[in-house]
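>>> Sequence plus the predicted model coming up.
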Amino acid sequence: MKILKVQFIVLLVFLMAGSYAFATPVIDGSFSTSEWAGYYFAEDNASGPHNTKVGPGWGGQDFDMEYLGLYAEGSTVYFGLQTGFNLAEGVYHSGLYYAPGDFALSTNGDDGSYEYGISFSFDSSNNLSLSLWGEPTWSDTTYYTSSNPFQVTTGTPLGANSAPFNNMAGAYGVSTDRSGDTHYTIEGSFDLGLTNYTSGPLSLHWTMSCGNDVGDITSYPVPEPASIFLLGAGLIGLAVTLRKKFMKN
């Protein structure tokens, strides 16, 4: 009976290790739901013309927030966005210009406050530049206050994927599906040590200047696989020792 208990401990260790087996997202500008499995918000509810409701507002595919991903493993945070909104050029509609918003990041979970912002811009060749900001002040959306905040106004620079920081990674991609809808994607990552994060969930938010559609996701960081396997190895060693002790008795 005691031997069965030891075998159960060993099995439990392997199950624990397996539960943390998650392939980290690839920062390549292509939002794959299999890569972000379990760590993304999905709302692809529009296609084609502007007279389709997308969130709190209307706008069709051009204003559709489709996927928002947030995954943290060990000290690395991965974030991703796929939308029908043109992230490089913005969107003109009925003579008005609408701009893409910045990512808003909370290290206190989904409490409605955002201690960090991730802004982005593009050069003439559509090369992506990312910047991480601490202590940001935010501008609000034009129409739907429920979608706030919209964009970083001021803040303390903490990181970027270009000089003088070079401590972030980022990728941008554009694709068109069979129905003719165009999708714009930004993916990135940075070291969680750039923030004052201690423990608990992280939350990510994104919208555009009008606030017609919005995405929010909350994720709990997971330990690095190496840490899990070290813990597992220790428990297996303990189980083997106990098993030998029981067999002698």
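Yes, it's here.

>>> would residue 143 count as being in a strand?
No - with DSSP: H, G, I helix; E, B strand; the rest coil as the criterion, residue 143 is assigned coil and is not in a strand.

>>> What separation is there between the residue nearest to residue 156 when sequence neighbours are not counted and residue 158?
Nearest-residue entry for residue 156: residue 134, 4.3 Å, with adjacent residues in sequence omitted and distances by C-beta to C-beta, 6 or more residues apart in numbering. Glycine gets a C-beta too; all of them are placed from N, C-alpha and C. Summarising the geometry, the distance separating residue 134 from residue 158, computed by C-beta to C-beta, to the nearest Å, is 5 Å.

>>> And for residue 29?
If you go by C-beta to C-beta, the gap between residue 29 and residue 158 works out to 23 Å.

>>> quick revisit: who has more neighbours out of residue 134 and residue 158?
Between residue 134 and residue 158, counting by other C-beta atoms under 10 Å, residue 158 is the more crowded of the two (20 against 15).

>>> Could you double-check that that one sits in contact with residue 132?
Yes - checked against C-beta atoms under 8 Å, the pair residue 158 and residue 132 is within contact range at 4.5 Å.

>>> Quickly list what's touching both of those two.
The overlap between the contact sets of residue 158 and residue 132 (C-beta atoms under 8 Å, 6 or more residues apart in numbering) consists of 116, 194.

>>> Enumerate every residue touching residue 179.
Per C-beta under 8 Å, 6+ apart, neighbours of residue 179: 47-48.

>>> Show me the shaky parts of the chain.
Residues of the chain meeting the criterion pLDDT under 70: 1-22, 225-249.

>>> That one: strands as residue ranges?
Taking DSSP state E as the criterion, the chain contains strands spanning 40-42, 65-73, 76-83, 91-93, 96-98, 103-106, 116-122, 128-139, 151-160, 168-176, 182-191, 202-207, 214-219.

>>> Give the bridge partners for the residue nearest the centre of the chain, please.
A centroid search over the chain (C-alpha atoms, centre = their mean) returns residue 70, at 2.1 Å, as the residue closest to the centre. Counting by DSSP bridges, residue 70 is bridged to residue 79.

>>> From residue 138, how far off is residue 210?
When C-beta to C-beta is the yardstick, residue 210 and residue 138 sit 16 Å from each other.

>>> Neighbour count for these two, which is higher?
In terms of neighbours (other C-beta under 10 Å), residue 210 is the more surrounded of residue 210 and residue 138; the figures are 24 against 17.

>>> show me what contacts the more buried one?
Residue 210 makes contact with 57, 59, 63, 98, 141-144, according to C-beta under 8 Å, 6+ apart.

>>> hmm, try it at 7 Å
By C-beta atoms under 7 Å, 6 or more residues apart in numbering, residue 210 lies in contact with 57, 98, 141-143.

>>> Next: residue 173.
Contacts here follow C-beta under 7 Å, 6+ apart; on that basis residue 173 touches 29-30, 185.

>>> which of those residues has the most neighbours?
Scoring these on neighbours with other C-beta under 10 Å, the highest-scoring entry is residue 185 at 21 neighbours.

>>> Surely that residue and residue 28 touch.
No - here residue 185 does not reach residue 28: they are 9.0 Å apart, not a contact under C-beta atoms under 7 Å.
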